[in-house]
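Asks: When you get a sec, could you give me coordinates for this:
(2 chains)
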Number of protein chains: 2
Amino acid sequence: MLVVKKFGGTSVADKDRIFNVANRCIEDYKKGSQVVVVLSAMGKQTDVLIDMAKDINPKAARRELDMLLTTGEQTSVALMAMAINALGYPAISMNAFQVAMHTTADYGGARIKRIDTDRIKNELDNRRIVVITGFQGINKYDDYTTLGRGGSDTTAVALAAALHADACEIYTDVDGVFTADPRIVPKARKLNEITYDEMLELASLGAGVLHNRSVEMAKKYGVQLVVRSSLNTSEGTVVKEESNMEKMLVSGVAADKNVVQIAVENLPNKPGVAFKLFHHLANHNVNVDMIIQSVEHDSTQDICFTVTEDMAETAIETLKRHSNSSLKGSHVTVTRDVAKVSVVGAGMMSNAGVAAKMFEALYDAGVNILQISTSEIRVTVLIERKYTETAAQAVHDAFSLDD
Amino acid sequence: MLVVKKFGGTSVADKDRIFNVANRCIEDYKKGSQVVVVLSAMGKQTDVLIDMAKDINPKAARRELDMLLTTGEQTSVALMAMAINALGYPAISMNAFQVAMHTTADYGGARIKRIDTDRIKNELDNRRIVVITGFQGINKYDDYTTLGRGGSDTTAVALAAALHADACEIYTDVDGVFTADPRIVPKARKLNEITYDEMLELASLGAGVLHNRSVEMAKKYGVQLVVRSSLNTSEGTVVKEESNMEKMLVSGVAADKNVVQIAVENLPNKPGVAFKLFHHLANHNVNVDMIIQSVEHDSTQDICFTVTEDMAETAIETLKRHSNSSLKGSHVTVTRDVAKVSVVGAGMMSNAGVAAKMFEALYDAGVNILQISTSEIRVTVLIERKYTETAAQAVHDAFSLDD
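Replies: Numbering: from 1, shown residues only, chains lettered A, B, ... in the order given. Reported below is the predicted structural model:
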């Protein structure tokens, strides 16, 4: 049995928590398992380092920022190996060079290309617990890279795939994946199982337990994930290809308040306008979601979409700048107090009634729908932000998710 | 012109000092020089990391301690590259892996074996200032090692040798090498030049500006060193093979209060006793200095030597433990309030009168001599510690070193 266990920064924030993680790893080791541990930087250390860099150079080169940030995980793994040793068990720490963890050249947002597993396997065969830096890699220039958001989860999944691990456990500060955010829907229930696709939809919709990249990689390489708490021993949620149970119609409800709706009205109704609009936004790294294009009236059309709040200003300025040129005559309307509520479930692919049932529940709860977007396994509605909790609760009840 | 510049932890302790060093490097760069900068960890960062490790595991493995400590210099070099960039000049940071800086396998006290200079040369040819981590290396297992005390100076000298640098500048918080410690001898004068051998004697006697290892390596590879201040632009002291000036009879006076005298009396007067005594001490990593063996009387002999204060307890316990076995019958007398005062000068090799002149000066000053030790270019006396300043001043005056 080879197990990869990943712990985030909160789980190694101080001495007590480091020893807690060390003990979790030793438990598996004592059962005879080969144990690989992937760690993030301690607590808020990455933020501290970023602040140090900004103080020196607000426009610091990403290459040098990565050189700085990678010290964070290296500190974690060295201390963890010392803690495991202090408890009487053999351990060795390894950084991205020692692994080696080959990535693309993109500093700050690299993607893993290849992992050399020889040394890890040797150390495991020598019955050592191997403690590896998450979030970091090296590129073809022998420079450090970092993987960007969700990086340590991705490191763990990539290692599990490369080592053909029997299990990949992602430890967080919650018990697993829930049918909804318990802060919004108090009766939300922990799921025992969920499919990769459902997890992907939930992750991108703000459920936030796992980053999309790590789930995508797990799906691609068939790595079965377990999301579980570092604070207790409850079973967690298994993320895998197919649920053993009969497919649930709906697995969960996601709510996301980090949304701004932008409507671009009076656009010229000719080919290429939508392309130009989203091309301008992409050039400024604005990710858009929930796009709808109105049916044409006369010679103009309207396009409506949502962005996250931190991207709203950039999006609005970009659109206004082009309203006299390629988007001539258009004007921009912004609605800020909105939220997205979604139902996600692999079972809805073969069941047409999900959207209707959701809309009915919202109607009964007095929640007006501003915009609708769907995928094969998801229905999302845009609503007024003040109704987020009401809507999430109503939909959760309608699909009996608290059973 | 290729110049290697080394700055210690104090010189990069905060933002202002980092920019001060960045400007010093840019000055050379603007004159057309190729600039390599070697840095230690910021301020007391190494001590902070050691304390973190001790808190987790007081007996932390040296391999893991090195993994932890090497984050210190990596932080310094990344921030320095950012600072140089912020001032509008190109720079790139490199750690021991990127260089690569090959060392022996000894964690915590590795010795440099070989330096790959290809990438450094490429970066220099691309007109970048290259900022390199001091103190650290990698061994044959691809593990980090640290070089022990004086490590960053040694890194700088090794790089200067490998790159055939035109200059190797070691920056400190004093203006250079002095004829004596100005805190002890107020009229002490900065030396413009000094030989490697003189520097070696002064370093080992507590002058403390350069560590012996770096001077030894500089001598071996003929790297001319300049010791100068990071706080002003004064010329500093050149350390080289031969002084251009006529050899000075005496270059400097060194005083060292970190001394304890240990006398082992009543030792059996038979072959192998001295070997056993110092063998026991070496096994406990006790470095001894100023050994004298008494003329035998009857069937016993006495052996007397000095150690540093932190080694005194270990030495005394070791000797007492063996006083019933291989050192049977011996007893140990300890004198704590002693100090070493030395004169050093390459010129004394060809001049017999130095020791006599020194002893006369001490006699005139009323300082009693407890023990004497000499090398080709040094005379050292052990005296009562309370006379350290009086003795150093008297000897400094006797050789007119303030002229």
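
Asks: Buried residues, the strand ranked longest in chain A. List them.
Replies: Longest strand in chain A, counting residues (DSSP state E): strand A:252-268. Buried residues in strand A:252-268, defined by neighbour count with 16 or more other Cβ atoms under 10 Å in any protein chain shown: A:252-256, A:259-264, A:266-267. (Each C-beta comes from the backbone N, C-alpha and C, glycine too.)

Asks: Same check on stretch A:95-109?
Replies: Of the residues in stretch A:95-109, those buried by neighbour count under the rule 16+ other Cβ under 10 Å are A:N95, A:A96, A:F97, A:Q98, A:V99, A:A100, A:M101, A:H102, A:T103, A:Y107.

Asks: Need the contact partners of it.
Replies: Where contact means Cβ atoms under 8 Å, 6 or more residues apart in numbering or on different chains, the residues beyond stretch A:95-109 that reach it are A:61-63, A:65-66, A:70, A:73-74, A:77, A:110-116, A:119-120, A:132-133, A:136-141, A:143-148, A:155, A:158, B:67, B:97, B:142-143.

Asks: Next, the distance between the ends of that stretch.
Replies: From its first residue to its last, stretch A:95-109 covers 18 Å (Cα to Cα, to the nearest Å).

Asks: Once you drop chain neighbours, what's closest to whatever residue of the stretch 201-350 of chain A ends up closest to chain B?
Replies: Using Cβ to the nearest Cβ, A:S230 is the residue of the stretch 201-350 of chain A that sits closest to chain B, at 17.8 Å. Distances taken as Cβ to Cβ, 6 or more residues apart in numbering or on different chains place A:Y171 nearest to A:S230, at 4.0 Å, with adjacent residues excluded.

Asks: Correct me if wrong: the one you found contacts A:R228.
Replies: Yes - counting by Cβ atoms under 8 Å, A:Y171 sits close enough to A:R228 to count as a contact (6.1 Å).

Asks: quick one: common contacting residues for these two?
Replies: Overlap between the neighbourhoods of A:Y171 and A:R228 is empty, taking contacts as Cβ under 8 Å, 6+ apart.

Asks: Max pairwise distance over the buried residues of stretch A:95-109: which two?
Replies: A:Q98 and A:Y107 (19.9 Å; Cβ to Cβ).

Asks: Mind listing the strands the longest strand of chain A pairs with, and their directions?
Replies: The pairing partners recorded for strand A:252-268 under DSSP bridges are strand A:300-307 (antiparallel), strand A:331-344 (antiparallel).

Asks: does the residue nearest to A:S230 sit in a helix, a strand or a coil?
Replies: Put simply, A:Y171 is strand when judged by DSSP: H, G, I helix; E, B strand; the rest coil.

Asks: Next up, the contacts around it.
Replies: Each residue near A:Y171 by Cβ under 8 Å, 6+ apart is listed here: A:K5, A:K6, A:F7, A:G8, A:S11, A:V21, A:R24, A:R228, A:S229, A:S230.

Asks: Buried among the residues you listed? Need that as a selection in PyMOL.
Replies: Buried residues among the contacts of A:Y171 (16+ other Cβ under 10 Å), as a PyMOL selection:
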select buried, chain A and resi 5+6+7+8+11+21+24+228+229+230
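
Asks: Could you find the closest non-adjacent residue to the residue of chain A positioned farthest from its centre?
Replies: In chain A, counting by Cα atoms, centre = their mean, A:D298 sits farthest out from the average C-alpha position, at 42.5 Å. By the measure of Cβ to Cβ, 6+ apart, the closest residue to A:D298 outside its immediate chain neighbours is A:N269, 7.7 Å from it.

Asks: returning to what we had before: show only the entries of the contacts of stretch A:95-109 found in helices.
Replies: Counting by DSSP state H, those place A:62-63, A:65-66, A:70, A:73-74, A:77, A:119-120, A:155, A:158, B:67, B:97 in helices.

Asks: quick one, whatever helix or strand A:T380 lives in and strand A:252-268 angle?
Replies: Mapping A:T380 onto the secondary structure by DSSP states H and E places it in strand A:378-384. Put simply, strand A:378-384 runs at 70 degrees to strand A:252-268, going by axes from the mean of the first three to the mean of the last three Cα atoms, to 10 degrees.
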